[in-house]
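Novice: the following comprises the amino acid sequence and a computationally predicted model.
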Amino acid sequence: MKRRLFTLLAALATMLGVGLAAVPTASAVTAAPMGPHWQKQAATRYIYAHVSSSVDLNRYPVITNMNTWNSYLAVNSVPLRFSNVGSCTGKSPCFEIMMSWKAQGISGDTGLITSGGYLVDISTVNLYYNNDVNPYDWRVHLGMHELGHALGLAHNTIPNSVMNVDWNQSPIGTTPKAEESLALINTYR
Ligand SMILES: [Zn+2]
């Protein structure tokens, strides 16, 4: 298996890619754990992202990741959206998405900035790949995971979830699980 060639490095998760789904009502779904998150507000909050010119969008589906999260947020009436901008000037909160290669493994990190117990900004989302050998669904997973942190989601152990840090799941998660949507609903709606 190709997958065994890769080293599990930091914080990544997995998700099962099925279509858009609102959280089922009156079900046994338990909300996934939250980490540092934004203060709840009535109006939709836009989280701006400036994609560094070093990010090769043919290799890394960061725009697709933002659109996927936006679709889930919209269908669940969660008032948060990602917006891709050419520059962070005059935009807040805004963060830069950077990408680079490393000799081995695939990993990422997200610089969360908190104040008074809440997320107030994000510094940078760094994405590291082992050149071109990482499968495309792993790249999707990586972006969904790091953007999940930007929404306030913490790691979890839900099978095939985007916020699960275990790479050895099949299939790897590429879309949010109901538990993750529910966590965002409970926090922001
Ligand atoms: Zn993580």
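Specialist: Thanks, I have the structure now. These numbers were taken from a predicted model, which means no experiment stands behind them. Numbering: from 1, shown residues only.
Novice: any idea where the helices of the chain begin and end?
Specialist: 62-75, 136-151, 178-188 (DSSP state H).
Novice: Y118 is nearest to which of the ones you listed?
Specialist: helix 178-188 (10.7 Å; C-beta to C-beta). For the C-beta atoms, the positions are set from N, CA and C on the backbone; glycine is no exception.
Novice: returning to that earlier point: now the helices of the chain as a markdown table including mean pLDDT and mean neighbour count?
Specialist: Formatted as a markdown table, these follow (pLDDT from 0 to 100; neighbours: other C-beta atoms under 10 Å):
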| stretch | mean pLDDT | mean neighbour count |
| --- | --- | --- |
| helix 62-75 | 97 | 19 |
| helix 136-151 | 95 | 25 |
| helix 178-188 | 97 | 21 |
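Novice: chain center to the longest strand that the chain contains, what's the gap?
Specialist: If you go by DSSP state E, the chain has its longest strand at strand 118-129. Remark: strand 118-129 is offset 10 Å from the chain centroid, using C-alpha atoms, centre = their mean, to the nearest Å.
Novice: what does the lowest-mean-pLDDT helix or strand in the chain contact?
Specialist: For the chain, scoring each helix and strand by mean pLDDT, DSSP states H and E identifies strand 94-101 as the least confident one, at a mean of 93. Strand 94-101 is contacted from outside by 47-52, 54-56, 59-60, 62, 85, 88, 111, 121-131, 150, using C-beta atoms under 8 Å, 6 or more residues apart in numbering.
Novice: go on, stretch 70-85?
Specialist: With C-beta under 8 Å, 6+ apart, stretch 70-85 has contacts from 20-23, 38, 41-51, 63, 66, 69, 91, 94, 147, 150-151, 175-176, 181, 184-185, 188-189.
Novice: can you get me a residue count around G90?
Specialist: 8 (other C-beta atoms under 10 Å).
Novice: tell me how far it lies from I172.
Specialist: Distance of G90 to I172, computed by C-beta to C-beta, to the nearest Å: 37 Å.
Novice: same thing with T89?
Specialist: 36 Å.
Novice: for M98, same thing?
Specialist: 22 Å.
Novice: okay, these two: which has more neighbours?
Specialist: Remark: of M98 and I172, I172 carries more neighbours, 25 against 17, as counted by other C-beta under 10 Å.
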